[in-house]
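S.K.: Task: produce atomic coordinates for the following.
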Amino acid sequence: MNAMAPPSSQRAHLLVVDDDPDMLRLLSMRLGAAGYRVTAVGSAEAALSQMAIERPHLVLSDVRLPGKDGLMLFDDIRARHPSLPVILLTAHGTIPDAVEATARGVFGYLTKPYEARELLDKIAQALALSAPDGQTRTAGDESWRAGIVSRSSRMADLLAEARMVAQGDASVLLRGDSGTGKELLARAIHLASPRARRPFVAVNCGAIPEALLESELFGHVKGAFTDAVASHKGLFQAADGGTLLLDEIGDMPPALQVKLLRVLQERAVRPLGSSQSIPVDVRIISATHRDLEAAMAQGQFREDLYYRLNVVTLQLPTLAERREDIPLLANHFLALLAPKYGKRSSGFAPEALKAMAMAPWPGNVRQLYNVVEQACALSTTPLVSLALVQRALRTPSVEVLSFAEARQRFERDYLVGLLKMTDGNVADAARLAQRNRTEFYRLLQKHELTPGLFKSEPGGGPASESVAAS
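M.R.: Numbers count the residues shown, from 1 in each chain. Okay, here's the model as predicted:
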């Protein structure tokens with residue numbers, strides 16, 4: 001890294017947009033010398049295409065661009081990447097322009113000519129505010145999300161928001177279908193937070209009977225009920241100083257919702273059978289695949305608890321919404337599972353990866369893991385085959401044919417069907433096909449079909465169910 005580079009610029013990725021090739025070259029050289037990784041494009045459309053491939057850490061754009069201008073580009077970026085900082089540059093700047101730009105959420109607005117140091121300082125400020133503790137994302141500080149494998153720009157936005165949220169203590173509600181990785185994201189938020197050195201505790205509110213869930217969450221004292229032969233600390237106490245994940249919060253019984261709300265309001269728990277409350281310092285993350293708004297409308301979920309838990313909402317995409325991650329995840333899971341099964345699997349056959357990329361994945365990432373595990377366990381070759389993947393997916397084997405092959409197969413099957421229907425009578429079959437006999441015979445010869453083989457035996461059965469084809 002250049003000695004002049006600010007500490008926060010370590011390989012942060014900047015997307016620079018300007019239709020002036022000389023200015024684009026100058027900015028790229030200046031920012032590259034400052035230690036940034038730069039991608040340079042000449043239009044808003046090219047910028048949006050580039051961002052679909054890789055999400056940058058910051059966008060630096062000229063206001064005057066062909067087609068969409070810089071403010072229109074900013075509006076598109078804000079709609080797709082709400083947390084991504086944008087700095088605008090212009091030689092035509094006015095105070096009203098700057099006011100409008102900043103009112104719409106643009107991080108910075110610089111008028112050309114500008115001082116190089118002023119530009120670098122503005123970039124450093126934007127990166128510091130969009131990353132926790134004033135540090136940008138570097139190759140060495142990604143351990144907090146090490147378990148989340150993705151190249152999806154949608155996931156990059158989600159992780160950027162998660163990392164910002166992690167720095168505070170606001171309650172977070174994670175929404176997403178089953179198998180999308182809500183617990184993995186909750187753990188990542190914990191690891192990115194100041195509470196990372198304290199416990200992370202997860203409980204599935206729908207997997208524990210109501211009678212046991214209260215004791216599991218809040219604890220009990222000896223003798224609180226028949227089987228309470230000793231005092232028990234609940235999960236709130238176990239997570240003290242750290243993070244508690246309430247998974248499937250939508251399945252929590254209504255009676256316990258009241259007690260949970262009281263704990264969140266008072267920041268203290270009262271174990272079953274005790275008259276004393278115990279203070280707890282816990283950051284709450286909750287997760288659900290249910291529609292909590294519908295549950296509230298039906299009286300199944302308390303509105304006051306919902307607003308207490310839903311300070312920040314993060315929505316996890318389905319696997320079908322991040323298909324570019326499927327090959328990456330499949331190979332990642334295979335590398336983890338191959339040693340477990342004593343296999344030397346080196347990857348997937350191209351047809352197998354294609355089948356996985358096109359599958360519907362109702363079970364999301366969890367289902368993908370299970371498919372890879374089954375295929376790995378049964379594989380006998382270095383490359384996992386299409387047949388094994390289809391078996392694990394429980395989908396019928398689909399042969400991909402060229403157009404010519406598919407047409408030839410259709411013709412053959414069509415002719416066989418006609419000959420069976422007409423008992424091998426070529427004149428009748430040609431009439432049904434609306435072809436003259438000469439042309440029909442030519443088709444039969446092409447597919448090496450012998451009409452006599454389709455004539456019925458005297459006893460009523462066909463002479464042969466096969467055809468003379470080699």
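S.K.: got any ranges where the stretch 251-400 of the chain has weak pLDDT?
M.R.: Applying pLDDT under 70 to the stretch 251-400 of the chain flags residues 396-400.
S.K.: Which stretches in this protein count as strands?
M.R.: 13-17, 37-41, 58-62, 86-90, 108-111, 172-175, 200-204, 243-247, 268-269, 278-279, 283-288, 312-315, 347-348, 383-384 (DSSP state E).
S.K.: for the record, mean pLDDT for the third one?
M.R.: Read it as strand 58-62. For strand 58-62, mean pLDDT rounds to 94.
S.K.: Then the first one?
M.R.: Per-residue pLDDT values over strand 13-17 give a mean of 95.
S.K.: hang on, isn't residue 44 packed against residue 75?
M.R.: No - using CB atoms under 8 Å, residue 44 is not in contact with residue 75; the gap is 10.1 Å. No exception for glycine: its C-beta is placed from N, CA and C like everyone else's.
S.K.: So the two - more neighbours on which side?
M.R.: Comparing residue 44 with residue 75 by other CB atoms under 10 Å, the one with more neighbours is residue 44, at 24 against 14.
S.K.: Look at that one and report its pLDDT.
M.R.: 92.
S.K.: Not counting sequence-adjacent ones, nearest residue to residue 206?
M.R.: residue 251 (3.1 Å; CB to CB, 6 or more residues apart in numbering).
S.K.: and the one you found, what does it touch?
M.R.: 205-206, 288, 290 (CB atoms under 8 Å, 6 or more residues apart in numbering).
S.K.: quick check, nearest of the residues you listed to residue 381?
M.R.: The closest of the contacts of residue 251 to residue 381 turns out to be residue 206 (CB to CB; 40.7 Å).
S.K.: Hmm, that closest one is touching residue 246, no?
M.R.: No - counting by CB under 8 Å, residue 246 is not a contact partner of residue 206; they are 10.3 Å apart.
S.K.: neighbour-wise, which of the two wins?
M.R.: Between residue 206 and residue 246, counting by other CB under 10 Å, residue 246 is the more crowded of the two (24 against 16).
S.K.: what's that one in contact with, if anything?
M.R.: 203, 205, 252, 260, 284-287, 309.
S.K.: Next: residue 301.
M.R.: With CB under 8 Å, 6+ apart, residue 301 has these contacts: 250, 254, 257, 292, 295.
S.K.: what does the model give residue 429 for pLDDT?
M.R.: Residue 429 is given a pLDDT of 90.
S.K.: how much space between it and residue 215?
M.R.: Going from residue 429 to residue 215 by CB to CB, to the nearest Å gives 78 Å.
S.K.: Who has more neighbours out of the two?
M.R.: residue 429 (24 against 20).
S.K.: What's the separation between that one and residue 455?
M.R.: Distance, residue 429 to residue 455, using CB to CB: 12 Å.
S.K.: Equivalent analysis for residue 287, please.
M.R.: From residue 287 across to residue 455, the span is 68 Å (CB to CB).
S.K.: out of these two, which sits in the busier spot?
M.R.: For residue 287 and residue 455, the more surrounded residue by other CB under 10 Å is residue 287, and the numbers stand at 26 against 14.
S.K.: give me every residue that touches the more buried one.
M.R.: Counting by CB under 8 Å, 6+ apart, residue 287 makes contact with 173-176, 182-183, 186, 245-249.
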